[in-house]
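Participant: Below are the sequence and a predicted model for it; my questions follow.
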Amino acid sequence: MRTINVTNKKIFMMSLPIFLELFLQLLVGNIDQIMLSGFSSSVAAIGNANTIINLVIVILTLSAAGGMVAITRYIGANDERKVKDAIIVTFGLVIAFGLIFTLVLVFAAEPLLRVLNAPEEIIAEASAYTVIVGAGLVIQAVQIAAVAVLRSHSKVKEILICAVIMNLCNILGNWLLINGIWIFPRLGIVGAAISTDIGKAIGLMVTLAYLSKKVPVKIKFSDLKHFPKESFKEIVKIALPTGGESTSYNISQIVILSFVNLFGTAVITAKVYCSMLANVAYLYSTAIAQSTQINIGYMVGAGDYDGVSSRVNRTTLICIAISVSLSVILWATSDFVVGLLNTDPEVLALCKQIMFIEIFLEIGRSVNIVMTRCLATVNDIYIPVGITMVMEWTVAVFLGYIFAVEAGYGLVGLWIAMAADEILRGIFFEIRFARRRWIVGHTQNKKLLPHPLHIRFADVIISLTK
């Protein structure tokens, strides 16, 4: 067993470019809504379209994440042959999914939106946006796979540069095509979709250029002759359950959005803005969780299991502190922030209520963000995924319907149910990881098996200063 030295400083320094990259990714998804904020119907249309598109992107991202986990383990074990195999499988798997979902979004956009109960007045705009962005999904699939390979090699600064270039192109394209600047036609929401595709295509070219220069492992045509079955099984073992759980989560969010659509355009618009603010609240938690996941992948590959446990506990506490603090700030300033985009009193009042509930939701979500990634990395995945899927549908969806529709609490009732779901799942994940039975899957050496009791809270606090 080798000991991988992972300090708080190393995690923090790696998390900063990841955070900036995620922030820019968030802008890609939301800049269209922001730049079309003067048209309330267009905001609602993109909100519905992105619910479908984001589900697909999450599936692609998690397929790539399975590859990233496998690659980090092989890097930790100094096995270059398996690193190369995992890269090949990662690209093949993600591109295959990308082709399938491109066809789905292009040919079934309108039926999917009607399943969401999207209001009739936004169907045409939302369908056009979904078809155009969906047509460029294969490009994004390749880019997602390339980013996963770069991230597994800790090339986070290069990924950030790609995200900056992609966002600048998207913003420029939006400005020209939404408003009809210079020689370009005024295309509105269609222009926003076209500029999104162009930005992602340029981002892909930059990403592939970095991949060829910065990743030491080079893939030759002869490497493709023999399909790497072992790496495929390893990646699918991670990607399939996590992808299934995430698919279930996003489908549950689609069902929840169908409830929201029953309450009219103003409530849909409020939901879109609150989701945007919530993304800001947990964005850095996601960044530090990704940084931790990369490093514990190296630890698992090197057999440093004790280091994994202490690292995950410290990261969880940091994520809770940051996300909750940001949620409090966003709640206190929601009238001002949302007011920059929408001055409807109904929307402002509703957002204020939702962002208060968001404070409590983020406690559970912070734990879940860290634990889902880390449990997947240490191969403790099937039971957590099963419990998660049950909780999502029984608490977030079923109770959400009862609170929102039957009891008449609307969007507030839905957010309460989602908060309960996140908190209950967070408690389960903490207990599951604290028992540390996942080590049994990596070693049969009983001397390495830890005591089943959770690390004391005081011990974790002290370790944060190390």
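Facilitator: Nice, thanks for sending it over.
Participant: Relative to V312, how far out is Y249?
Facilitator: Distance of Y249 to V312, computed by C-beta to C-beta, to the nearest Å: 21 Å. (Each C-beta comes from the backbone N, C-alpha and C, glycine too.)
Participant: what's the answer for V58, then?
Facilitator: From V58 over to V312 (counting by C-beta to C-beta), the distance is 22 Å.
Participant: Would you mind telling me which of those two has more residues around it?
Facilitator: V312 (22 against 18; other C-beta atoms under 10 Å).
Participant: my guess is the more buried one contacts T292, does it?
Facilitator: Yes: contact criterion C-beta atoms under 8 Å: V312 and T292 qualify, at 6.6 Å.
Participant: List the residues that are in contact with both of these two.
Facilitator: 370, 374 (C-beta atoms under 8 Å, 6 or more residues apart in numbering).
Participant: how about low-confidence regions in the chain?
Facilitator: Scanning the chain for pLDDT under 70 picks out 1-6, 26-30, 32-34, 36-42, 221-225, 242-243, 439-466.
Participant: For it, which segments are assigned as strands?
Facilitator: In the chain, no strands are defined using DSSP state E.
Participant: Could you measure from the spatially most central residue of it over to T196?
Facilitator: By C-alpha atoms, centre = their mean, the mean C-alpha position of the chain lies nearest to V58, the distance being 6.2 Å. Here the criterion is C-beta to C-beta. By it, V58 lies 17 Å from T196.
Participant: quick one: buried residues of stretch 402-418?
Facilitator: The neighbour-count check on stretch 402-418 (16 or more other C-beta atoms under 10 Å) flags 403-404, 409-411, 413-418 as buried.
Participant: Please name the residues that touch the residue nearest to T265 when sequence neighbours are not counted.
Facilitator: Leaving out its chain neighbours, the residue that sits closest to T265 by C-beta to C-beta, 6 or more residues apart in numbering is A44, at 5.2 Å. Applying C-beta under 8 Å, 6+ apart to A44 gives the contacts 119, 122, 265, 268-269, 272.
Participant: Can I get these in a markdown table including neighbour count?
Facilitator: Formatted as a markdown table, the contacts of A44 follow (neighbours: other C-beta atoms under 10 Å):
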| residue | neighbour count |
| --- | --- |
| P119 | 18 |
| I122 | 25 |
| T265 | 18 |
| I268 | 26 |
| T269 | 25 |
| V272 | 25 |
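Participant: Save these as CSV, and put in distance to G364 too.
Facilitator: Below are those laid out as CSV (distance: C-beta to C-beta, whole Å):
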residue, distance to G364
P119, 31
I122, 32
T265, 30
I268, 25
T269, 26
V272, 22
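Participant: Okay, and which of these map to helices?
Facilitator: 122, 265, 268-269, 272 (DSSP state H).
Participant: Can you tell me which of those is closest to L257?
Facilitator: I268 (8.1 Å; C-beta to C-beta).
Participant: how far away is that closest one from A109?
Facilitator: With C-beta to C-beta as the criterion, I268 and A109 are 18 Å apart.
Participant: same deal with I75?
Facilitator: 40 Å.
Participant: for I100, same thing?
Facilitator: 15 Å.
Participant: ok, these two, which is more surrounded?
Facilitator: Legend: neighbour count by other C-beta under 10 Å for I100 and A109, higher for A109 (23 against 14).
Participant: Tell me if I'm right that the more buried one and T130 touch.
Facilitator: Yes: counting by C-beta under 8 Å, T130 is a contact partner of A109 at 3.9 Å.
Participant: Show me whatever sits in contact with both of these two.
Facilitator: With C-beta under 8 Å, 6+ apart, A109 and T130 have common neighbours 49, 52.
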